[in-house]
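1. Below are the sequence and a predicted model; questions follow.
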Amino acid sequence: MPASNIAIVGRSKDTHNYENAVRSLGIPCFSTTDTEKAAQATHLILPGGGDITPAFFGQYNHGSRSIDTELDIIQLQALSFFMEQKKPILGICKGLQLINVKLGGTITQNIATADAHQWNGQDKQHHVFHSGLDHSDFFYQLYGAGTLVNSAHHQAVDRIGAGLIPVCRAKDSVIEGITHVSLPIIAVQWHPERMMDQGGGRLLHYFAQDPSLW
């Protein structure tokens, strides 16, 4: 596989943090909403953002915010292509939820414990704990039994999508990390790009490798 080149599929006004974080590791990246351009990359990041259009997981709006249906469609198209090509995918916050929805899962539109997780002028912080069945998943390899993360979400995975495995949870059982049984897909509910020196850089560096090294 050639050197990594990461496509961040999102609106450029919202993706500066992701670009800066990836480039700080010496890894080329670009932001785009052009799926054909994104397809030329070796790796895909689905970044955080507003909430997913509820119709995409078979629900009416019961508390979803800052919906951008056009962007949802673009991101889901990019996700489909990278899955078909078996290229590496990292979902961050909304990106994790998009992966879940793409694979037939659902979202809780406003979790009961949202006050402990959602943005309130700044990130919240809480611990997440390994919940995988063995020690081979990315979370255990990077963080062991648990780690402190930031948090800026009020929604979470409800029904898990086909082929996805939860690998870590918060103490209220909210799923905070997932992987796929056979595809090179990993995703986290927190924002590694905003905590590079506290474990975020480790995650992005891990993702940018050839997935045969995962």
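-> In hand now; what should we look at?

2. Not counting its own residues, what contacts the top helix by length along the chain?
-> Longest helix in the chain by number of residues (criterion: DSSP state H): helix 69-85. Under the criterion C-beta atoms under 8 Å, 6 or more residues apart in numbering, residues 7, 9-11, 33, 35, 38-39, 44, 46, 49, 52-53, 56, 88-89, 95, 98-99, 101-102, 183, 185 lie in contact with helix 69-85. For glycine as for every other residue, the C-beta is placed from the backbone atoms N, C-alpha and C.

3. what helix or strand is the closest residue in space to residue 99 that isn't next to it in sequence on?
-> Leaving out its chain neighbours, the residue that sits closest to residue 99 by C-beta to C-beta, 6 or more residues apart in numbering is residue 91, at 4.6 Å. Using DSSP states H and E, residue 91 sits in strand 89-92.

4. PyMOL command for the buried members of the contacts of helix 69-85?
-> A single PyMOL command selects the buried members of the contacts of helix 69-85 (16 or more other C-beta atoms under 10 Å):
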select buried, resi 7+9+10+33+35+38+39+44+46+49+52+53+56+88+89+95+98+99+101+102+183+185
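
5. Could you list the low-pLDDT ranges of this structure?
-> 1-2 (pLDDT under 70).

6. Name whatever forms a beta bridge with the residue nearest to residue 99.
-> Beta-bridge partners for residue 91, by DSSP bridges, are residue 46, residue 187.

7. give the contact list for it.
-> By C-beta under 8 Å, 6+ apart, the residues touching residue 91 are 45, 46, 97, 98, 99, 178, 185, 186, 187, 188.

8. thinking again about what came up before, which ones among the contacts of helix 69-85 are found in helices?
-> Judged by DSSP H, the contacts of helix 69-85 include 35, 38, 95, 98, 99, 101, 102 as members of helices.

9. Quick check: chain neighbours aside, which residue is closest to the third one?
-> In other words, residue 95. Nearest to residue 95 is residue 46, by C-beta to C-beta, 6+ apart, at 3.0 Å.

10. How about the contacts made by that neighbour?
-> 9-10, 75, 78-79, 89-92, 94-95, 98-99, 187.

11. Can you tell me which of those lies closest to residue 165?
-> residue 187 (10.9 Å; C-beta to C-beta).

12. Look up how far residue 131 lies from that closest one.
-> 14 Å (C-beta to C-beta, to the nearest Å).

13. more neighbours, these two?
-> Using other C-beta atoms under 10 Å, the more surrounded residue of residue 187 and residue 131 is residue 187, with 26 against 19.

14. wait, doesn't the more buried one sit right on residue 95?
-> Yes. Residue 187 is within contact range of residue 95, at 6.1 Å (criterion: C-beta atoms under 8 Å).

15. which residues touch residue 114?
-> residue 154.

16. Please report phi then psi for it.
-> phi -60, psi -30 (degrees, to the nearest 10).

17. quick one: it from residue 19, how far?
-> 29 Å.

18. on that earlier part again, for the contacts of residue 46, which one is nearest residue 208?
-> When these are compared for distance to residue 208 (C-beta to C-beta), residue 90 wins out at 8.8 Å.

19. Distance-wise, check that closest one relative to residue 168.
-> Residue 90 is 15 Å from residue 168, by C-beta to C-beta.
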